[in-house]
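A.B. asks: Quick one: sequence plus predicted model below, questions after.
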Amino acid sequence: MTAVRIRASIALIATILTVLAFTAAAGAVKLPSREVGLRTVKVVQGIGMHWSPRIVRIHRGTTVKWTAVINRHTITSNSGNWHLNRPLPQGSSVSFRFRHNGVFRFRCLIHSTIVAGRCQGMCGKVIVG
């Protein structure tokens, strides 16, 4: 390989990695949804020590279903403006229907902590609007 080809290959790889990093940093993932009667359900999976996806964007009236795929978790309201505080053993699910617009933060008490008012670790949010 010539030096020009090596530099071009390195530049291409760097560009791909940069695009992937920005995509992952955005955190918002288009979720598969399914219709249940007139309601839509979005699924958030607890996998190891992270939520997938971490940010959920939904319309008012949508139900979010958290499923513990790997490990046990909790679903806990981080901001106090909604009520959900449930254990989630591996293989189980819990659902919550969001009836109001807003930002609703959640976390796993087992795999996260609050430092200086900010959630670190297994944290996420539901954006309704």
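C.D. replies: It's in.

A.B. asks: following the helix or strand bottoming out on mean pLDDT in the chain, which helix or strand shows up next?
C.D. replies: Lowest by mean pLDDT, DSSP states H and E among the helices and strands of the chain is strand 33-36, with a mean of 47. Scanning forward in sequence from strand 33-36 by DSSP states H and E, the next helix or strand is strand 39-47.

A.B. asks: Strand partners (parallel or antiparallel) of that next one?
C.D. replies: Applying DSSP bridges, strand 39-47 is found paired with strand 33-36 (antiparallel), strand 50-52 (antiparallel), strand 63-70 (parallel).

A.B. asks: how many neighbours does residue 56 have?
C.D. replies: Neighbourhood size, residue 56 [other C-beta atoms under 10 Å]: 23. C-beta here means a position set from N, CA and C on the backbone, and glycine is covered the same way.

A.B. asks: Ignore what I typed, I meant residue 90.
C.D. replies: 12.

A.B. asks: how near is it to residue 72?
C.D. replies: For residue 90, the distance to residue 72 equals 5 Å [C-beta to C-beta, to the nearest Å].

A.B. asks: do residue 55 as well
C.D. replies: 23 Å.

A.B. asks: Over to residue 56?
C.D. replies: 21 Å.

A.B. asks: Quick one: residues contacting the closest residue to residue 96 other than its chain neighbours.
C.D. replies: Sequence neighbours aside, residue 84 is the residue nearest to residue 96 in space, at 5.1 Å (criterion: C-beta to C-beta, 6 or more residues apart in numbering). Taking C-beta atoms under 8 Å, 6 or more residues apart in numbering as the criterion, residue 84 is in contact with 75, 76, 77, 94, 96, 106.

A.B. asks: Just give me how far the strand or helix carrying the last one sits from the chain centre.
C.D. replies: Following DSSP H and E, one finds residue 106 within strand 102-115. On the basis of C-alpha atoms, centre = their mean, to the nearest Å, the separation between the geometric centre of strand 102-115 and that of its chain is 11 Å.

A.B. asks: helices or strands next to that strand in the packing?
C.D. replies: If you count contacts as 3 or more C-beta pairs under 8 Å, 6 or more residues apart in numbering; DSSP states H and E, strand 102-115 packs onto strand 73-77, strand 118-128.
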